[in-house]
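> model this:
(2 chains, ligands or ions: 1)
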Amino acid sequence: MSKLDYLQRLEAESIHIFREVIAECEKPVMLYSVGKDSSVMLHIARKAFAPAKPPFPLLQIASGWDFREMIAFRDAVAKKYQWELLVHTNEEGVRAGVKPWTHGAAYSDIMLTQALRQALDKHGFDAAFGGGRRDEEKSRAKERVFSFRSAQHRWDPKNQRPELWSLYNARKNRGESIRVFPLSNWTELDVWQYIHLQKIPIVPLYLAKPRPVVKRDGRLIMVDDDRLPLGAGDRVQTLSVRFRTLGCYPLTGATLSTAADIPAVIREMLSTKYSEREGRGVDKDGSASMEKKKQEGYF
Amino acid sequence: MTATGARGAGAGGAGAGSAGAGARGDASDIEEYIERNQRKDLLRFLTCGSVDDGKSSLIGRLLFEAKMIFDDQFATLKEDSMKVGTLGGAVDFALLVDGLSAEREQGITIDVAYRFFKTEKRKFIVADTPGHEQYTRNMVTGASTADLAVILIDARKGVLTQTRRHSYVAALLGIRHIVVAVNKMDLVDYSREVFNKIELEYREFARHIKLEAITCIPVSAVVGDNVTMRSSATPWYRGPSLLEHLESVAVPDPAEGAAFRMPVQWVNRPNPEFRGFAGMIASGVVHPGDAVRVLPSGRTSTVARVFTGEGESREGVAGQSVTLTLNDEVDVSRGDVLCAAKAPLMVANQFEATIIWMHDEPLLQGRAYLLKIGTQTVTATVAPIKYRVNVNTMEHLAAKRLDLNDIGVCGLELSSAIPFEAYRDSRVLGGFILIDRLTNNTVGAGLLHFALRRSQNVHWQALDVNKRSRALLSHQKPCILWFTGLSGAGKSTIANLVEKQLHAQGRQTYLLDGDNVRHGLNKDLGFADQDRVENIRRVAEVARLMVDAGLIVMVSFISPFRSERRMARALVEKGEFIEIFVDTPLKEAEARDAKGLYKKARSGQLKNFTGIDSPYEAPEKPEIRLDTTKLTAEAAASRIVAHLRAAGIIDVGSDLGI
Ligand SMILES: Nc1nc2c(ncn2[C@@H]2O[C@H](COP(=O)(O)OP(=O)(O)O)[C@@H](O)[C@H]2O)c(=O)[nH]1
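Predicted structure coming up:
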């Protein structure tokens, strides 16, 4: 009899989580951020329900500042699998002229956190799959797989339900919803290995290529379109870069890299000196910031 | 140490920590690395120790030495060490793993945190749990998925109460491998005597709680001795370093060798041709062609096809999430368990179990909770509590309730029978959680020991179990369905059909049939009016007892007199008596004359026959009137079942207002 290796065990656990939600919740949705974790989630969801189609739509929160390649990839994926895709943007934020460089930390709150809440409320989803992993950040290490949010979408770290064995209590009180993290026990390296072994398509931005970038606060920001304000001193260079995480392009730092395929990315990862969140502008304020964000409803 | 050295050799041992080694070569290496890395297995372990035993320091160091710490994290760590560290500004690895900010302020870990690291040999998931008695529930949570436990002992303090508690909980949750890390050896001059004394004392104690596979290692989390590398400071110690041990200890999964079991999680029906049963295999192996049994129904079939994440497969193994199709059209739904036909598991609804209470509101005897086990949820009443365990001394204490963090042994009565295994044989089919029906919180966890036989439970009648609690268990409101009508009207036929339908839905019923009762209970009675009255009185009393027992009772009696029916109605509570008038005109009943009784009555062979020479008083306001000249028996039965549903007698779920 064959013994399962650890990636197979992780995959089996994730499938189990997907199925449990479908069996116990009324209206689930999958948050599709178009990133690598989302790509893995999507792949596993398809396995979990094959030969049926996964019985839930995809939801993407578009800030209006997503990389163009992400949008193209998103649409191609939805089309390829004929998967219902919902896209939501916080129109109030757009009307108020909220831009990545105008509102500081409030930007991500308005265009991502608020937008997500709006979308979940609008459609009445009672469970949302997210690609969060416990290895991402210290406060995530204590996150449950089934993480409850109050009607106001707040997370109460003091009042989490114990999770034992593989038994998940999905019973909700009125107004509550659940964020479910099927990849809780995966690490960044696991995700890359799985992508490699399963040949999962990912946004090309993860692979190195000459791209136009400017230096901002010590980070390399890609000039993805002409909305990025360029000062007199800004010098656009074309450098071989890739991204470790993806978000709004003006806030996402690129890494100098020549890793043009996944094995090369894995090799770089194994020798890198910086954690995944290093490139994310959103997380830069203090080591407890992620936790604060989650209490406020950031995914 | 420089920041760039953070993922290189750790402070404790040059060249320690083998993760990533060999992965820094060129492109051809990387494929090989991935290949090698992929084949690694996974060890899930738990660390427990009380505040200040050095647990965080130890895990932090393991992560660091396994090169799981990036430069930016290391930079933050150094800053934090200056600000809040306990080592006078030196790098404090404990800060790497202290999570939520509130906890960090208090300087203690109060929830289960999961950490991940890997080495050349294995991949690890660490459940990091706090050690104080008030966090027993957190430790139980962490232990529920662990294969091994690392128990910290402060070398200066030796085996303490908390050490015993941690060991007891680990043993209880089925952890078979224990590592005792005797920490802070630097503070006892790496004394062999100190270590030996602790080891001896621990082994003596461990024998009592039947822990067998024990490894004791002298370590210093802060200095790094024997954490990843064997230390020269303990030349007398011949065993492996902590990491070496974790990398090499064999932890066979007992589920692999056991018989096939799979709780059905979800039925996959994308089209009429495909009916797949999805679930995670709890134990054993399954192949196409294997004979399987569906429990609790007991039906059997054979496996047609096995689908895994990689498509159709020749086998499915323990721990794998699969979809199975069967060769026969058997009824299978979520909550059922598929198992090897030759080695089916037991089905029962009364158990003895250990319960670990996890909520501020205490567990009370006789209160009903939802119980989730495998993929099904049933109602459970906890009664009686046999004893509570003093987790420090393992003493058994009398108890009427369990408070937060209490561990007790209880009786459990479920609303329906479930397939199960003892927890020591299967975590999946023997481990359960209890959910509060009002707040939906997870309030307890439990481990099934064995099924109780009713005959062994004479003491149960002493409990405060009443009609409501019984009704709650069976998801039905008990009541009397009183069928009245002429002989041959169709009462028994319809009552029979109703009972069949209710039974199929899992309702608990009993049919009291006039003819049958007259053969036994009432065989001393004839058909004179006073005998008819006594006949109905006795039947009504029996029906009342059965309602008290929580049953839906069907009484199928001609019961011709209004006053007797009124008397029967008065015996039970309002709403519990449903009078069903099976309205068949005499002409029609006589024409049917299934038993030839009308003929006998007309010819005078039978005296006092209702409708002929004894009156029938039709009900004035029956709950249900069935005109059998217009309805088939099946349609009549369905009308009754629909009425019961509308009246909240059946399908009441958890809304009994209790
Ligand atoms: N000298 C010495 N101190 C230690 C050792 N392990 C932990 N400590 C100290 O003991 C205190 C508590 O350690 P910590 O890891 O936070 O304990 P936890 O509460 O079990 O997580 C801290 O001041 C540590 O620096 C050790 O092996 N030797």
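> Show me where the stretch 151-299 of chain A has its strands.
Here the stretch 151-299 of chain A has its strands, by DSSP state E, counting those that start in this stretch, at A:177-180, A:209-216, A:219-222, A:237-242, A:253-256.
> Quickly check: the first one near chain B or not.
No. Between strand A:177-180 and chain B, judged by C-beta under 8 Å from any C-beta of the partner chain, nothing touches; the nearest distance is 11.3 Å. All C-beta spots, glycine's among them, are computed from the backbone N, C-alpha and C.
> Give me the mean pLDDT for that strand.
Strand A:177-180 shows a mean pLDDT of 95 in the predicted model.
> Each with direction, which strands does it pair with?
Applying DSSP bridges to the sheet, strand A:177-180 is found paired with strand A:127-129 (parallel), strand A:146-149 (antiparallel).
> Which of the strands of the stretch 151-299 of chain A sits closest to B:Glu579?
Smallest distance to B:Glu579 across these (C-beta to C-beta): 46.7 Å, for strand A:177-180.
> which residues touch residue 88?
With no chain named, the answer covers chain A. Residues counted as contacts of A:His88 (C-beta atoms under 8 Å, 6 or more residues apart in numbering or on different chains) are A:Leu59, A:Gln60, A:Ile61, A:Ala62, A:Ala115, A:Leu116, A:Gln118, A:Ala119, A:Lys122.
> now with 10 Å?
A:Leu59, A:Gln60, A:Ile61, A:Ala62, A:Ala115, A:Leu116, A:Gln118, A:Ala119, A:Leu120, A:Lys122, A:His123 (C-beta atoms under 10 Å, 6 or more residues apart in numbering or on different chains).
> quick one, phi psi at B:Gly411?
Backbone torsions of B:Gly411, given as degrees, to the nearest 10, read phi -90, psi 150.
> separation between it and the ligand?
Separation of B:Gly411 from the ligand (C-beta to the nearest ligand atom, to the nearest Å): 38 Å.
> count of neighbours near that residue?
Per other C-beta atoms under 10 Å in any protein chain shown, the neighbour tally for B:Gly411 reads 20.
> closest one to B:Val443 among the strands paired with strand A:177-180?
It is, among the strands paired with strand A:177-180 and with distance given as C-beta to C-beta, strand A:146-149, at 14.8 Å.
> Over to B:Glu352. Which of the three states is it?
Three-state assignment for B:Glu352 (DSSP: H, G, I helix; E, B strand; the rest coil): strand.
> Identify the residues contacting the residue of chain B found nearest the ligand.
Across chain B, no residue is closer to the ligand than B:Gly54, which sits at 2.7 Å (C-beta to the nearest ligand atom). Counting by C-beta under 10 Å, 6+ apart, B:Gly54 makes contact with B:60-61, B:93-94, B:152-155, B:181, B:183-184, B:219-222.
> Identify, out of the strands of the stretch 151-299 of chain A, the most deeply packed stretch.
Stretch with highest mean neighbour count among these: strand A:177-180 (a mean of 24; mean count of other C-beta atoms under 10 Å in any protein chain shown).
> would you list the strands of the stretch 151-299 of chain A in a markdown table and tack on distance to A:Asp190?
Shown next, in a markdown table, are the strands of the stretch 151-299 of chain A (distance: least, C-beta to C-beta, whole Å):
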| stretch | distance to A:Asp190 |
| --- | --- |
| strand A:177-180 | 18 |
| strand A:209-216 | 25 |
| strand A:219-222 | 26 |
| strand A:237-242 | 19 |
| strand A:253-256 | 20 |
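> Now for B:Pro254, how many residues are close by?
B:Pro254: 15 surrounding residues under other C-beta under 10 Å.
> I'd like to know how far it sits from B:Tyr168.
21 Å (C-beta to C-beta, to the nearest Å).
> The residue positioned nearest the centre of chain A: what secondary structure?
Note on chain A: the residue nearest the mean C-alpha position is A:Ser33, at 4.6 Å, using C-alpha atoms, centre = their mean. Of the three states, A:Ser33 takes coil under three-state DSSP.
> so what's it up against?
A:39, A:41, A:59-61, A:66, A:70, A:74, A:112, A:130-131, A:245-247, A:299 are the contacts of A:Ser33 under C-beta under 10 Å, 6+ apart.
> pLDDT wise, what is it at?
So A:Ser33 comes in at 94 (pLDDT).
> thinking again about what came up before, hey, which of the strands paired with strand A:177-180 is tucked in deepest?
Using mean count of other C-beta under 10 Å, strand A:127-129 ranks as the most buried of these, with a mean of 26.
> So A:Ala128 sits against A:Leu86, correct?
No. Between A:Ala128 and A:Leu86 there is no contact under C-beta atoms under 10 Å: 11.4 Å.
> what touches both of those two?
A:Val29, A:Leu59, A:Ala119.
> measure the last one to A:Val180 for me?
Between A:Ala119 and A:Val180 the computed distance is 16 Å (C-beta to C-beta).
> Also B:Gly430?
Distance from B:Gly430 to A:Val180, by C-beta to C-beta: 26 Å.
> Then B:Val159?
Computed as C-beta to C-beta, the B:Val159 to A:Val180 distance reads 42 Å.
> in the chain, what spans have low per-residue confidence?
Picked chain A for this. A:1-2, A:272-299 (pLDDT under 70).
> The intended chain is chain B.
Judged by pLDDT under 70, the stretches of chain B that qualify are B:1-28, B:68, B:84-86, B:89, B:98-110, B:453-466, B:468-469, B:472, B:651-658.
> Swap in 50 and give it another go.
Where chain B drops to pLDDT under 50, the residues are B:1-26, B:99-102, B:107-109, B:455-463, B:653-658.
> residues from it in reach of the ligand?
Taking C-beta under 6 Å from any ligand atom as the measure of proximity, chain B contacts the ligand at B:49, B:51-57, B:86-87, B:94, B:183-184, B:186-187, B:220-222.
> A:Ala119 reaches A:Val87, doesn't it?
Yes. Assessed by C-beta under 10 Å, A:Ala119 is found in contact with A:Val87 at 8.9 Å.
> The two: which has the busier surroundings?
Using other C-beta under 10 Å, the more surrounded residue of A:Ala119 and A:Val87 is A:Ala119, with 21 against 15.
> Return the residues in contact with that one.
A:Val29, A:Leu31, A:Leu59, A:Gln60, A:Ile61, A:Leu86, A:Val87, A:His88, A:Thr89, A:Asn90, A:Phe125, A:Ala128.
> Tell me the buried residues within these.
Neighbour counting by 16 or more other C-beta atoms under 10 Å in any protein chain shown classes A:Val29, A:Leu31, A:Leu59, A:Gln60, A:Ile61, A:Leu86, A:His88, A:Thr89, A:Asn90, A:Phe125, A:Ala128 among the contacts of A:Ala119 as buried.
> mind putting these in CSV, distance to B:Glu413 and secondary structure included?
Output for those, formatted as CSV (distance: C-beta to C-beta, whole Å; DSSP: H, G, I helix; E, B strand; the rest coil):
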residue, distance to B:Glu413, secondary structure
A:Val29, 39, strand
A:Leu31, 42, strand
A:Leu59, 43, strand
A:Gln60, 49, strand
A:Ile61, 48, strand
A:Leu86, 46, strand
A:His88, 48, strand
A:Thr89, 54, coil
A:Asn90, 52, coil
A:Phe125, 37, coil
A:Ala128, 37, strand
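> Closest one of these to B:Ala568?
Of all the buried ones among the contacts of A:Ala119, B:Ala568 sits closest to A:Phe125, with 51.9 Å by C-beta to C-beta.
> Could you pull out the helices in the stretch 251-400 of chain B for me?
Along the stretch 251-400 of chain B, the segments classed as helices by DSSP state H, counting those that start in this stretch run B:254-257.
> typed the wrong thing, it's the stretch 51-200 of chain A
A:68-80, A:91-95, A:106-108, A:115-123, A:188-198.
> What is the first one packed up against?
It stands for helix A:68-80. helix A:36-49, strand A:58-61, strand A:85-88 (3 or more C-beta pairs under 10 Å, 6 or more residues apart in numbering or on different chains; DSSP states H and E).
> what's that helix in contact with?
In contact with helix A:68-80 (C-beta under 10 Å, 6+ apart) are residues A:32-35, A:38-39, A:42, A:57-58, A:60, A:62, A:66-67, A:83-87, A:201-206, A:222, A:224-225, A:246-249.
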